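Asker: Provide a 3D model corresponding to the input given below.
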Amino acid sequence: MRTIEITPEIRNHFKRQEIFFSVYKQEGLADNHYLTIDEAFYMESNCIYTVNSFDKSLPTMGMYSYSSSMLPSKTTIGRYCSIASNVKLMSAQHPLTRFTTSPITIPGEIIGQSWDFVQKAQVGGFVQTPFDQQKSTETGVTIENDVWIGQDVLLKSGICIGTGSVIAAGSVVTKDVPPYAIVGGVPAKIIRYRFSKDICQTLLALKWWEYPVWNCPTISGDESIEWFIEKLSTWVGRESIEKVQPGRIEAADLISMG
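Answerer: Purely as a prediction, here's the structure:
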């Protein structure tokens with residue numbers, strides 16, 4: 001994890017790459033504040049983050065994605081994703097197979113807390129032993145491409161939200177979400193799939209998000225999914241369209257300017 005001080009040079013670099021920190025603006029990102037990024041972090045052009053003065057963690061994000069929520073640095077967001085407000089990750093897990101779920105059985109330095117009652121539990125020779133909670137506290141969520149996450153969704157750390165999936169507002173998601181599934185509820189369950197199995201598989205194989213579909217004059221926004229697949233497949237098959245190469249900023253770029 002790296003902390004980067006925001007400088008005029010970094011702000012201008014974001015502006016050139018059309019990376020925003022509120023809807024279509026550079027507001028919300030002031031000089032002399034700091035960003036927290038992962039070593040493997042990158043961002044692509046035309047994406048929108050949400051930050052505030054207390055939390056400036058930046059997840060990896062692909063082009064044409066936006067997040068109205070502040071997500072941890074280890075989260076990865078693909079292309080064309082739409083993330084509503086107040087989407088959060090669950091906090092640390094507690095041991096379920098010990099005599100108590102209380103943190104008194106875990107050394108204070110492991111849980112990162114110096115609570116008095118945790119320290120007092122060491123008195124009298126009681127042995128506190130580590131609990132493997134790193135997966136829940138240090139692993140973000142993988143959000144693939146073309147994902148829509150509704151407001152007030154709670155996600156378990158370490159899960160994968162598959163390409164094309166939709167998560168209904170207010171859901172609690174504890175397991176991986178399959179591609180193109182629409183899920184909802186507490187806990188979230190599959191309601192249905194956006195398309196037939198064959199179409200889902202074809203879209204995943206086509207990887208339309210890797211192509212500049214806006215350069216295909218025969219494709220319209222309200223195209224039926226069957227026609228969209230046929231038209232884009234024809235363009236790709238004829239090599240009439242190349243994969244898009246968006247602008248990209250990586251962790252090393254920000255570190256060198258910080």
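Asker: neighbouring contacts of stretch 167-182?
Answerer: 84, 144, 147-156, 159-166, 183-188, 190-195, 200, 203-204 (CB atoms under 8 Å, 6 or more residues apart in numbering). Quick note: C-beta positions are derived from backbone N, CA and C, even for glycine.
Asker: again, only this time at 7 Å
Answerer: Stretch 167-182 is contacted from outside by 149-156, 159-166, 183-188, 190-195, 200, 204, using CB atoms under 7 Å, 6 or more residues apart in numbering.
Asker: could you do stretch 188-195 as well?
Answerer: For stretch 188-195, using CB under 7 Å, 6+ apart, the contacting residues are 164, 167, 171-173, 180-184, 200, 225.
Asker: quick one: which of the residues you listed sit in helices?
Answerer: Mapping these onto helices (DSSP state H) picks out 200, 225.
Asker: and the two most separated of the contacts of stretch 188-195?
Answerer: 172 and 225 (29.6 Å; CB to CB).
Asker: could you point out the helix or strand that follows the helix-or-strand element of the chain with minimal mean pLDDT?
Answerer: Here the helix or strand of the chain ranked lowest by mean pLDDT, DSSP states H and E is helix 134-138, holding a mean of 49. Remark: after helix 134-138, the chain's next helix or strand is strand 142-143, criterion DSSP states H and E.
Asker: which is the next helix or strand following that following strand?
Answerer: In the C-terminal direction, the helix or strand that comes right after strand 142-143 (DSSP H and E) is strand 148-149.
Asker: all strands for the stretch 101-250 of the chain, in order.
Answerer: 142-143, 148-149, 154-155, 160-161, 166-167, 172-173, 181-184, 189-193, 248-250 (DSSP state E, counting those that start in this stretch).
Asker: can you say which of these is nearest to residue 131?
Answerer: strand 154-155 (21.3 Å).
Asker: mean confidence for the closest one?
Answerer: Strand 154-155 comes out with an average pLDDT of 97.
Asker: what does it contact?
Answerer: So strand 154-155 is contacted by 87-90, 141, 172-173 (CB under 7 Å, 6+ apart).
Asker: cutoff 8 Å now
Answerer: Against strand 154-155 from outside (CB under 8 Å, 6+ apart): 87-90, 141, 161, 171-173.
Asker: end to end, how far does stretch 147-164 reach?
Answerer: 5 Å (CA to CA, to the nearest Å).
Asker: check which helices and strands whichever strand or helix holds residue 253 sits against.
Answerer: Here residue 253 sits within helix 251-257, counting by DSSP H and E. Counting contacts by 3 or more CB pairs under 8 Å, 6 or more residues apart in numbering; DSSP states H and E, helix 251-257 packs against strand 2-5, helix 8-16, strand 34-37.
Asker: what packs against the helix or strand following the second one?
Answerer: For helix 8-16, the following helix or strand on the C-terminal side (DSSP H and E) is strand 19-20. The helices and strands touching strand 19-20, judged by 3+ CB pairs under 8 Å, 6+ apart, are strand 47-48.
Asker: for the record, mean pLDDT for stretch 193-211?
Answerer: 98.
Asker: how far does that stretch sit from its chain's centre?
Answerer: 21 Å (CA atoms, centre = their mean, to the nearest Å).
Asker: then stretch 98-109?
Answerer: 30 Å.
Asker: quick one: buried residues of it?
Answerer: For stretch 98-109, burial by neighbour count (16 or more other CB atoms under 10 Å) applies to 103-108.
Asker: ok, which pair from those residues is furthest apart?
Answerer: 105 and 108 (11.4 Å).
Asker: which neighbours do these two have in common?
Answerer: residue 128.
Asker: tell me which residues of stretch 77-92 are tucked away?
Answerer: For stretch 77-92, the neighbour count (16+ other CB under 10 Å) marks 77-81, 83-84, 87, 89-90, 92 as buried.
Asker: let me redo that: stretch 6-15
Answerer: 6, 10, 13-14.
Asker: do the same with stretch 171-183
Answerer: Neighbour-count burial for stretch 171-183, counted by 16+ other CB under 10 Å, picks out 171-173, 177-183.
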